[in-house]
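Chemist: let's see this in three dimensions:
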Amino acid sequence: MTLIAGSLPNRPTDADISILALDRTDETLAAISSARAQTGVATHLFVLDQGSQPAGLRRLADAIRILPNAALLSVGCNLGVAGGRNLLASLGKARAIVALDNDAEFATTGTAARLVAALDADPRLAAIGCRIVTETGADDLSSWGYPAGLLPHAGESFDAATFVGAGHAIRRSAWEQAGGYDARLFFCWEEFDFCLRAIALGWRIRYRGDIVVRHKVSAEQRVAWSDARWFYFVRNRLYIERKLGRTWREITPRAAGYLLKGVRNGLPLQTLRALHAAVEMSPRGGGRRMSEEVETYLRGNDRIYRGSILQRLRHEVLCRVGAASIAG
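Modeler: Numbering: from 1, shown residues only. A predicted model of the protein is given here:
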């Protein structure tokens, strides 16, 4: 890791704002501008470049060099979302870790302050997920990580089993207690995995539909469903099930469902590769099963809203159509 521009914090602030960069230079600069425009809260901005083209990295350095309380770091390779955010979190000192995708912007200059205030107001909250909208203000269906039954309540607030990484805040003490992200996930499901561990420790997760992040859904360096995204989706979800102590026999129906979806979407080989990878990376003896308290939390705040298998499939199709229309 190399510090390219700016400086690391020498004292705690209210919020560390983290942005991962990999090309998308114009969008990243807009995200940086949005982060530095935040008011009402003391922040330190961290930008981690994970292999951008040299010209783009120079532009990021020029932008960070003139900013107070900001740092641009480079690792020269892609650590993934989980690994990159772990690294940045380890460098910060603030009580709140606020993360923003590099193709997203805070909707207002007071967004970070509201996230910090929300965490301060409820000491049992581990994390807060923002409402993610497109540039037109419509809900970004590709970033709706909650049950489809809750989509009509996107402007409200509710306890949840996860949050969406495009815009969120995590309490540092909960982050440290739960052990951060599992870097082996690389990309996809890392927020859900973290939340399960936090919930098991007695923390809660909250969605706040009144705290908004605008998401451009840039096509550049975006992992598409027809590319590696499906592989990570399948591999990581099965790996998490194994970490939860599920036997492969218990996991088989989910794996079979993914295989059928993969065949339907023209990705049978990628699905088989993901199944094999899940077996290879999973703990041999399985993980620790969730307690009844955790099961109760998940039933009351997630599963009850999931609906039937047909409803879930319909929601999945809508999300993919929405993502395709935004990218196009």
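Chemist: what's around G257, how many residues?
Modeler: For G257, the count of nearby residues is 14 (other C-beta atoms under 10 Å). (Glycine included, C-beta is placed from N, CA and C.)
Chemist: mind telling me what element it is part of?
Modeler: helix 248-264 (DSSP states H and E).
Chemist: give the buried residues for that helix.
Modeler: Within helix 248-264, the residues scored as buried using 16 or more other C-beta atoms under 10 Å are I251, A255, Y258, L259, K261, G262.
Chemist: I'd say D140 and V133 touch.
Modeler: Yes. In this structure, D140 is within contact of V133 by C-beta atoms under 8 Å, at 5.8 Å.
Chemist: more neighbours, these two?
Modeler: The neighbour count for D140 versus V133, taken as other C-beta under 10 Å, is higher for D140 (25 against 19).
Chemist: for D140 and V133, list the residues in contact with both.
Modeler: Listed contacts common to D140 and V133 are H215; contacts here mean C-beta atoms under 8 Å, 6 or more residues apart in numbering.
Chemist: quick one: contacts for the residue nearest to L267 when sequence neighbours are not counted?
Modeler: Computed as C-beta to C-beta, 6 or more residues apart in numbering, the closest residue to L267 that is not its neighbour in sequence is W230, at 5.3 Å. With contact taken as C-beta under 8 Å, 6+ apart, W230 is in contact with G262, N265, L267, Q270, T271, A274.
Chemist: for Q38, same thing?
Modeler: Shown in contact with Q38 (C-beta under 8 Å, 6+ apart): I17, F106, T109, G110, T111, A112, A113.
Chemist: hmm, 6 Å instead?
Modeler: Applying C-beta atoms under 6 Å, 6 or more residues apart in numbering to Q38 gives the contacts T109, A112.
Chemist: secondary structure class for it?
Modeler: coil (DSSP: H, G, I helix; E, B strand; the rest coil).
Chemist: my read: L119 touches R171, true?
Modeler: Yes. Using C-beta atoms under 6 Å, L119 is in contact with R171, at 5.2 Å.
Chemist: between those two, who's got more neighbours?
Modeler: L119 (26 against 23).
Chemist: apart from its neighbours in sequence, what residue is nearest L298?
Modeler: A161 (5.5 Å).
Chemist: who are the neighbours in contact with the one you found?
Modeler: By C-beta under 6 Å, 6+ apart, the contact list for A161 reads C195, L298, N301, D302.
Chemist: and the first one, what does it touch?
Modeler: When you say that, I think you mean C195. Contact analysis of C195 by C-beta under 6 Å, 6+ apart lists A161, T162, I205.
Chemist: how about the residues you listed in JSON lines, adding pLDDT and secondary structure?
Modeler: Formatted as JSON lines, the contacts of C195 follow (pLDDT from 0 to 100; DSSP: H, G, I helix; E, B strand; the rest coil):
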{"residue": "A161", "pLDDT": "97", "secondary structure": "coil"}
{"residue": "T162", "pLDDT": "98", "secondary structure": "coil"}
{"residue": "I205", "pLDDT": "98", "secondary structure": "strand"}
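Chemist: on that earlier part again, now the helix or strand the residue nearest to L267 falls within: mean pLDDT?
Modeler: Assigned by DSSP H and E, W230 belongs to helix 228-243. The average pLDDT within helix 228-243 is 94.
Chemist: between helix 248-264 and it, find me the angle.
Modeler: Orientation check (axes from the mean of the first three to the mean of the last three C-alpha atoms, to 10 degrees): helix 228-243 against helix 248-264 gives 170 degrees.
Chemist: neighbouring contacts of the helix holding G257?
Modeler: With C-beta under 6 Å, 6+ apart as the test, helix 248-264 has contacts from V234, E241, P268, T271, L275.
Chemist: what pLDDT is listed against the closest residue to the second one other than its chain neighbours?
Modeler: Right, E241. Nearest residue to E241 in three dimensions, chain neighbours excluded: I251, at 5.0 Å (C-beta to C-beta, 6+ apart). Looking at I251, its pLDDT reads 94.
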